[in-house]
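> Just to be clear, the model below is a prediction. Sequence and coordinates:
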Amino acid sequence: MSWYSFFGGNSTNATSGINGALTKTQIALGVQDSAEIFAQDTARSARDLARPDLIKVLIGNSASAVVWLQEGHSQPRTHRGKEMFPEYGPVILSTRGYAADFIEDSLLKKYRPDIYNLPTTNGKHSTGDGHKMVITIGERLLISDMEKVKSSNWIGYPKEPDAKIKFLAAEALRGVGGLLLNSEGKRFCAELGYRDYVTGEIWKTKGSVRLALNSKLQKKLNSIVNIIFGERNWYFCITTKGNKDTFGKKFFHNFPITINDQFHVALMYPVLHYTMDGIDINVESEVRDMQELGGSSLLGCVVNGRVAGDSASRYLFQNLSSATANCQVAMHNKKMLDCWVIANGEVLNTTNFLPAIIIYAATEEFNMLHDKGVV
């Protein structure tokens, strides 16, 4: 259900990719990753607000979520009929948050008036309608101070400095070597620190902040160029001579640089990225941690969406009896014609797998590879 003209929500602006541990792509590239390492990284990022039960759901389903996105039709064969909305069965509510809710009675203004005036990277559809609807039917919301303020966005995009909706300058830009400079052209923080730390340091500057990327300049810059070159020379000594960084930065990608290198420079400002709280939920499909790793936001959407679908299906078909399944299997008893089995009360056509499973009961082997909610 959505009042907006197309689906996708804030994922249509996503630029950081999607995380997944032990994916086929990683295995093919020889990446030495594991679910345990991914879980440790996630818990370390979430710090004292980590939820081990929810992290287990997110990480445990990450590889299958990536595969689910990668696989698809080899030929165009999806036919779209007339839209119909029958009033039947469970409804999965997927809200877009309220980071673009700038009206007077907005949830943002009610719970976080201190950041109400910030611009947002969210689309104009993120107005908290789902949250407000849930409140009216008596459900409980988990409201806190965990609205994510991203440390940087393109302040000049889309060529309107005062526009409320901005485009995100993702951490990936700093991850590849981008530097944050204050109004004096000086570094003031470890660019790859926690998001709340970097944002807090930006607040302390009380002035404009610039993101500098080393490559060929698109346009010539004026007053700040000489300052940047001086700062560049100091940073060059850190990356080439092993000097300790004042701000504790440990990783320096795309270095060493040449002494004659040039920079792209863009004005930055903190921006509302998304709201971390919402409907009170459990591990059946409800996850959001405070400090998610870059790339895990899309993963949360895919994993929790699939878990929600599984939960809704189990609710919808909970009254199906195993007796019905047994009757269905009994219809397929002709020798060497086909093979149908019962797994967790569901009837599966396993004819193509007959040589591999003919001497096994299906449930035990099936559950070694799949969650019970798969079928």
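Looks like it arrived, so ask away. Numbers count the residues shown, from 1 in each chain.
> Can you list the buried residues in stretch 38-55?
38-39, 41-43, 45-46, 50-51, 54-55 (16 or more other CB atoms under 10 Å). (C-beta placed from N, C-alpha, C; glycine too.)
> Residue ranges in the stretch 1-150 of the chain under the pLDDT threshold?
1-16, 76-88, 138-150 (pLDDT under 70).
> Next, residue 120: phi, psi?
phi -140, psi 150 (degrees, to the nearest 10).
> thinking it is in contact with residue 97, fair?
No - taking contacts as CB atoms under 8 Å, residue 120 lies outside contact range of residue 97: 9.5 Å.
> Residues that sit against both of these two, list them.
residue 126 (CB atoms under 8 Å, 6 or more residues apart in numbering).
> Now do the SS call for residue 104.
coil (DSSP: H, G, I helix; E, B strand; the rest coil).
> Isn't residue 60 up against residue 38?
No - the pair residue 60 / residue 38 is not scored as a contact, 9.7 Å apart, by CB under 8 Å.
> mind putting the buried residues of stretch 38-55 in CSV, distance to residue 174 included?
Shown next, in CSV, are the buried residues of stretch 38-55 (distance: CB to CB, whole Å):
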residue, distance to residue 174
38, 22
39, 25
41, 18
42, 20
43, 23
45, 16
46, 20
50, 24
51, 27
54, 28
55, 25
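> Mind checking which of the residues you listed land in strands?
Secondary structure from DSSP state E places none of the buried residues of stretch 38-55 in strands.
> Looking at those, which are in helices?
Those of the buried residues of stretch 38-55 mapping onto helices are 38-39, 41-43, 45-46, 54-55, per DSSP state H.
> Could you check how many residues crowd around residue 162?
Residues within reach of residue 162, counting by other CB atoms under 10 Å, total 6.
> One more: the one 5 residues further on?
By the other CB under 10 Å criterion, the neighbourhood of residue 167 contains 16 residues.
> Let me see the ranges of the helices in the stretch 151-300 of the chain.
Ranges of helices in the stretch 151-300 of the chain, per DSSP state H, counting those that start in this stretch, are 171-175, 195-205, 225-241, 296-316.
> among these, where is the model least confident on average?
In terms of average pLDDT, helix 225-241 trails the rest of the helices of the stretch 151-300 of the chain, at a mean of 54.
> Residue 178 and residue 208, how far apart?
According to CB to CB, to the nearest Å, residue 178 and residue 208 sit 16 Å apart.
> Can you pick out the residue with more neighbours from those two?
residue 178 (23 against 14).
> Confirm for me that the more buried one is in contact with residue 198.
No - assessed by CB under 8 Å, residue 178 is found out of contact with residue 198, at 11.8 Å.
> Name the residues contacting each of those two.
Contacts common to residue 178 and residue 198, judged by CB under 8 Å, 6+ apart, are residue 191.
> follow-up on the earlier one: return the member of the ones in helices among the buried residues of stretch 38-55 nearest to residue 125.
residue 54 (25.7 Å; CB to CB).
> For the closest one, give its distance to residue 44.
15 Å.
> before we move on, what about residue 123?
Distance from residue 123 to residue 44, by CB to CB: 31 Å.
> go on, residue 177?
Applying CB to CB to residue 177 and residue 44 gives a distance of 23 Å.
> Quick one: neighbours of the residue nearest to residue 98 when sequence neighbours are not counted, just the number.
Distance criterion CB to CB, 6 or more residues apart in numbering; nearest residue to residue 98, sequence neighbours excluded, is residue 128 at 3.0 Å. Using other CB under 10 Å, the number of residues around residue 128 comes to 23.
> go on, residue 351?
11.
> Please renumber the chain so that the first residue is 844 from this point on.
Yes, from this point I'll number from 844; that puts the last item at residue 1194.
> wait, what's in contact with it?
1181-1183.
> Mark which of those residues are buried, thanks.
With burial judged by 16+ other CB under 10 Å, the buried subset of the contacts of residue 1194 is 1182-1183.
> so can I have TSV of the contacts of residue 1194 showing secondary structure, distance to residue 1015 and pLDDT?
Below are the contacts of residue 1194 laid out as TSV (DSSP: H, G, I helix; E, B strand; the rest coil; distance: CB to CB, whole Å; pLDDT from 0 to 100):
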residue	secondary structure	distance to residue 1015	pLDDT
1181	coil	51	71
1182	coil	49	72
1183	strand	49	73
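> Could you chop this protein up by domain?
Annotated domains of the chain cover 844-915+929-935+1128-1162, 936-994+1116-1125, 1007-1112, 1164-1213 [automatic domain parsing].
> hang on, isn't residue 932 packed against residue 1155?
Yes - the pair residue 932 / residue 1155 is scored as a contact, 7.3 Å apart, by CB under 8 Å.
> could you say what helices and strands the helix or strand harbouring residue 901 packs with?
For residue 901, the host element (DSSP states H and E) is helix 895-903. When contacts are defined as 3 or more CB pairs under 8 Å, 6 or more residues apart in numbering; DSSP states H and E, helix 895-903 sits against helix 878-889, helix 1139-1159.
> out of those helices, nearest to residue 1026?
Of the helices and strands packed on helix 895-903, the one closest to residue 1026 (CB to CB) turns out to be helix 878-889, at 29.9 Å.
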